[in-house]
Every structure is written in C-alpha cells, then in structure tokens.
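1. My questions are about this predicted structure, shown below with the sequence.
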Amino acid sequence: MTDTHYDVIVVGTGAGGGTLAHRLAPTGKSILLLERGGYLPRERDNWDSTAVFVKGKYRAPEFWFDKHGDPFPPEVNYYVGGNTKFFGAALFRLRPEDFGELRHQDGVSPAWPLRYDELEPYYTQAEHLYRVHGRHGEDPTEGAAGAQYAYPPVQHEPRIQRLSDDLEKQGLHPFHLPIGVDLTQDERGGAAHGSACIRCDRVDGFPCLLGAKSDAQVICVDPALAHANVELVTHADVRRLETDPGGRSVTKVVAAMGDGSTAEFRADIVVVACGAVNSAVLLLRSVGDRHPRGLANSSDVVGRHYMRHNNLALMAISREPNNTTFQKTLALNDWYLGSDDWDHPLGGIQMLGKSDSAQIHGEAPRWAGAVTPDMPFEVIAHHAVDFWLCGEDLPAAANRVTLDRDGGIHLALDEKNNIAGLQRLRHKLQGMLGHLGMYEHHLLSHSIYLHKGMPIGATAHQAGTVRFGTDPRASALDVHCKAHDLDNLYVVDTSFFPSIGAVNPSLTAIANALRVGDHIAERLR
C-alpha cells in the first residue's frame, strides 16, 4: 500500500465520496477509497429499535465536546457508505431560492456561487442514480426539473392518504416525499414479487438488511469496486495530509490502520469527504510550516459556519388507529418560504418512519405528564403519526469546529439560531391537528429519533465547515470545490455548503459530487 501511487485518493465513502468514486470509476484511472470503518455487520439488530435507537449500538463510540467543554455523543456512523447507511433516504432538491440570498428573522442565508439551473442537470442524474421515487410537479415550491423521476412515487397507505386528503381540504399542497428505495410496486402499492424493498417499517434510521435502501455503499461503492482500477481500504483512519515544501500540493495521506500500524498513500489528486465535522478536523489537524492554521485555511473559515438544521421530530396521536407500515411517503412545503402571517421562511414538514412500542417506551421518561392517564403507551404506539419538521439555521462564524491540545473535537453551537420559523411551523401543525383526525392537544417531542439528549447531538445533517465561494478571503474552496490554497485538494461532502436550506442535504451532496466528478475527470484527461 505504501508503494502505490494513485491518480485519485478519496477519503470517505458516504454520499459525497462514494458518489464521486462511482463517477470516476469508468475513467480507468487508479482510484483508492479510504474508509475509517468497515462494512456494517448484517445482523438482526440492524432492524431492532432498542439496539439502533435506545442503545445506539451502531453509533461511533466517541465523544465530542460542546462550547462548555461538556462531552456528548455525536450522531455519526463510521461504515462503508457513511451516514447514508442510517439515513431516511429522503432525497430533496434545494429550492431555487435557496441558491440566492434569503432573509430570515435572525439574519441572512447567503447566496451560493452557482445557481440552481447550473446544478439542476446533476440533480436529475442523482435522482436517477439513487433510484428516487417521486413525482415532479406536485410541490409548488420546487424548481424546474429537466426530467421526471425515473421511478413513480411510493403510494400512501390508507391513513396517510387520508392525511393527504385532509391537508388538501385545508387548501395546502401535500406531495409524495422523494425517497430512494429499490421498490417495485404492485397495483395496490405493495411490494411486487421480485422487489428488493418489501415496504417494511425499518426504512428510517435503520440500515437495510436487504440492501434495498439507496445508500452510498449499495448504489455507488460496490458498483465502483467492480472496476479493476478502483480499490477500497477499510479501517483506515486518515490522521493528516502532508504537502510538498512549497505547500501547494498534498503529497501524502497518512492513516492509522485497524491493526495499529501507520500507512502512507500518495495520489495526484486527493479528495476529502469525511463529513462536515471530520473533514474540517482533518484539515485543521494537517498543520505545517506553509499552513500554520491547517490546510485550505488561509481565510480562517475552516471549521466555521457549522450548520445542522433546526429540527423537530414530533408524534401526533390519531383518533383512529394508524396501521401504516411504510409511513415515509408524504411531505408539505407550503410554508417553506413564508406564510400569510410571517414574511420569513418557516421550513418544511415530512413524515418519519412509523414509531414502534420500543421507541414509545424509550420516550416515556420525557413524556411524563404529557399524556392523559387513560391513554397508555400501547395505545399511543398504535395511534402514533410521526412528523419531521425542518427549518434552516444560519451559518454563523462562531458556530465552529475546533481541536484541543489532545486532539479532542469541540463543537461550539448557538442552539437558538434562527428558531422562530421552526416554532411557527410547529404552531401551524398543532393548529391543524383537529382537522387532520388527530387529538388536538397531543403533539409530543420524539427526541429518541434524533439520537440525542441535547440539541447539539443531532449531527446527521451537518454542513458548512469548509464552504466554497469565489473570494479566497471568505471561503476555503473554489466553485469546483478545490481548495483555493492548494492545487490538488478537493472537498465533496456537505462541508462545502454556504447555506443549508430546509431540506435534507444528501441529494445536494450527491449532485455536487457528480458535478465535481466531471470536473476531475476532465482534469485527469
């Protein structure tokens, strides 16, 4: 391993790194993927709520520190495929307005250095590659699409169809949530014979035992490895990047291996895709004479402008039983950019995967006094309808990733950053419950879904720590996601986001990886 020189090294195999490797695989160039973890074990606990949510069996066994120095367990997973092994596969495009400057109550969401129209062809390619099921044209807030989804929307089950109908009666525009699954539906919407996806209730937050969820390992890494020019080394924890004496090129990738040894890898082009926090950590850790503040950090923005969305996982209680199995089929963006009583963006509402009794009982201590005595938890579980509310947080420079002298990761975060819109979004949902066949006074916080005991622990949508832009004084990367300060270093996870919008970031990371992949392929030619 130490004697081989590659054309490209990609550090990380998630939505960014895995997709980039898939894009470059057909070029015939030598590509090395370095993954900190191994393959996720396939076992019964993959689908066990207690193991996944209550005990956090698959979360990384590490702690980061908040701005007070208090430790917390982050919501990160180190496996081939990265955090996509556990994501809900909701694959939304940012709205066209998200690429421009948007004013919020607490500040401004900055414009991107490219427009929606420039990324749109790659959004289409990403949707087709990741088997996204949906229907363009249902959501009035979405941008123009160059092609329809390649797969039809996942049909609502009866209780969610009634919810959709009731929302329409309120003058709203519910639409089929775009979701990446390998599903073939029969005439009733069930899983057809031969469908990889069986429409179970384990899609959201669980790894898929059947390989039927569109995660980066299944969709990109495994197919890329079918090419003889692509290699994968697992249990390779990249600790630092070293440069030539002039500091303009990365010449060495140094990794701690699973057996305790240290290995060095070399390539003409190095791509970092470790996740927004760990990518920033790697660059900050790679100090040198020419880069005393870390690589790509002459602007002092690396680690800053951390974003993770303002999220609420909520559970309503239906007056009639909710027998839905595959619940993650509906979304609502009517208040994404504002409302009749608020001039600023509120965000969007989506369905979560159906909660079960193990999750309900795990929430019991937090819900003490929030439900009536005549409504036992078994009844709640049978009547629960689960919602995800997502609002935009703003890229404040003080929300940042830093390292202490011992290498510990510190994450400073203003947890009340731009939360007024999300609070109003919750109020909108609460006010409709009676019209939606729900108990009006029961909208319960579903904290266990977020893997967190405090807001800072919800790091699944992390973004923004190595932002791209046209001004090297205010950004770390150029418009192609190449470091301004170096000739051969790229970053292709969600680190590059200058703002995060209010939809799940995965599809944008995937589309951008395809875009950057085309740029690198042209450079290699």
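-> Thanks, I have it.
2. which ones are touching residue 64?
-> By C-beta atoms under 8 Å, 6 or more residues apart in numbering, the contact list for residue 64 reads 71, 72, 74, 277, 408, 409, 410, 411. Bear in mind the C-beta positions are built from the backbone N, C-alpha and C, glycine included.
3. And these, which two are furthest apart?
-> Spanning the widest gap among the contacts of residue 64 are 71 and 277, at 14.7 Å by C-beta to C-beta.
4. give me the low-pLDDT residue ranges for the stretch 1-150 of the chain?
-> Judged against pLDDT under 70, the low-scoring parts of the stretch 1-150 of the chain cover residues 1-3.
5. longest helix anywhere in the protein?
-> The residue-count maximum for a helix in the chain (DSSP state H) belongs to helix 506-524.
6. who does that one touch, helix- and strand-wise?
-> Contacts defined by 3 or more C-beta pairs under 8 Å, 6 or more residues apart in numbering; DSSP states H and E place helix 506-524 against strand 5-11, helix 17-24, helix 116-129, strand 262-272.
7. Helix or strand with the lowest mean pLDDT in the protein?
-> Among the secondary structure pieces of the chain, namely its helices and strands, helix 357-363 has the lowest mean (mean pLDDT, DSSP states H and E), a mean of 68.
8. ok, then the element right after that helix?
-> Downstream of helix 357-363, the first helix or strand assigned by DSSP states H and E is helix 377-383.
9. which of the residues in stretch 183-190 are buried?
-> If you call a residue buried by 16 or more other C-beta atoms under 10 Å, then stretch 183-190 has these buried ones: 183, 185, 189, 190.
10. for those, which one is nearest residue 240?
-> Sorting those by distance to residue 240 puts residue 183 at the head of the list, at 42.5 Å, by C-beta to C-beta.
11. wait, doesn't that closest one sit right on residue 194?
-> No: taking C-beta atoms under 8 Å as the definition, residue 183 is not a contact partner of residue 194, at 10.9 Å.
12. quick one on the thing from earlier: of the helices and strands packed on helix 506-524, flag the one that's most buried.
-> Relative to the other members of the helices and strands packed on helix 506-524, helix 17-24 carries the highest mean neighbour count by mean count of other C-beta atoms under 10 Å, namely a mean of 29.
13. That one to strand 5-11, inter-axis angle?
-> Angle between the axes of helix 17-24 and strand 5-11 is 140 degrees (criterion: axes from the mean of the first three to the mean of the last three C-alpha atoms, to 10 degrees).
14. Remind me what helix 17-24 packs against, helices and strands.
-> Packed on helix 17-24, when contacts are counted by 3+ C-beta pairs under 8 Å, 6+ apart, are strand 5-11, strand 31-34, helix 116-129, helix 216, helix 222-225, helix 506-524.
15. can you give me the strands for the stretch 351-500 of the chain?
-> 384-391, 400-403, 409-412, 438-445, 489-491 (DSSP state E, counting those that start in this stretch).
16. Out of the ones you listed, which gets nearest to residue 10?
-> Distances from residue 10 to each of these were compared using C-beta to C-beta; the shortest belongs to strand 489-491, at 9.1 Å.
17. May I see the buried residues of that closest one?
-> By 16+ other C-beta under 10 Å, the buried positions in strand 489-491 come out as 489, 490, 491.
18. same check, this time on stretch 134-146
-> 134, 136, 139, 141, 142, 143.
19. go on, stretch 338-356?
-> Using 16+ other C-beta under 10 Å, the residues of stretch 338-356 that count as buried are 339, 344-356.
20. picking up where we left off before, ok, of the buried residues of strand 489-491, which one's closest to residue 282?
-> Nearest to residue 282 among the buried residues of strand 489-491, counting by C-beta to C-beta, is residue 491 at 9.5 Å.
21. mind listing what the closest one touches?
-> Taking C-beta under 8 Å, 6+ apart as the criterion, residue 491 is in contact with 271, 272, 273, 279, 296, 466, 476, 477, 481, 483.
22. Residue 476 too?
-> The neighbourhood of residue 476, defined by C-beta under 8 Å, 6+ apart, consists of 283, 296-297, 299, 301-302, 466-468, 483-485, 491.
23. Of those residues, which is the nearest to residue 419?
-> The closest of the contacts of residue 476 to residue 419 turns out to be residue 467 (C-beta to C-beta; 22.1 Å).
24. Got the phi and psi for the spatially closest residue to residue 101 that is not a sequence neighbour?
-> Distances taken as C-beta to C-beta, 6 or more residues apart in numbering put residue 111 closest to residue 101, at 4.6 Å, once the chain neighbours are dropped. Comment: the main-chain dihedrals of residue 111 come out as phi -80, psi 150, following degrees, to the nearest 10.
25. Residue 495 and residue 468, how far apart?
-> Remark: distance between residue 495 and residue 468 (C-beta to C-beta, to the nearest Å) = 9 Å.
26. between those two, who's got more neighbours?
-> With neighbours defined as other C-beta atoms under 10 Å, residue 495 and residue 468 compare such that residue 495 has more, 33 against 23.
27. about what we covered before: so which of the helices and strands packed on helix 17-24 comes closest to residue 260?
-> Nearest to residue 260, of those and by C-beta to C-beta, is strand 31-34 at 16.7 Å.
28. Can you give the distance from the closest one to the centre of its chain?
-> 22 Å (C-alpha atoms, centre = their mean, to the nearest Å).
29. Please apply the same query to stretch 23-43.
-> Going by C-alpha atoms, centre = their mean, the spacing between the C-alpha centre of stretch 23-43 and its chain's C-alpha centre is 19 Å.
30. before we move on, what about stretch 54-63?
-> Centroid displacement of stretch 54-63 relative to its chain, using C-alpha atoms, centre = their mean, is 18 Å.
31. Run through who's touching that stretch.
-> Outside stretch 54-63, the residues that reach it (C-beta under 8 Å, 6+ apart) are 40, 45, 51-52, 71-79, 85-86, 207, 358-359, 362, 448, 451.
32. if you set the cut-off to 7 Å instead, what comes out?
-> When contacts are defined by C-beta atoms under 7 Å, 6 or more residues apart in numbering, stretch 54-63 is touched by residues 40, 45, 51-52, 71-73, 75-78, 358, 362, 448, 451.
33. Give me the buried stretch members for it, please.
-> Applying a neighbour-count criterion of 16+ other C-beta under 10 Å, the buried positions in stretch 54-63 are 54, 56, 58, 59, 60.
34. of these, closest to residue 223?
-> The closest of the buried residues of stretch 54-63 to residue 223 turns out to be residue 58 (C-beta to C-beta; 23.6 Å).
35. What helix or strand is that closest one located in?
-> Take DSSP H and E as the rule and residue 58 turns out to sit in neither a helix nor a strand.
36. how close does it sit to residue 74?
-> Using C-beta to C-beta, residue 58 is found at 13 Å from residue 74.
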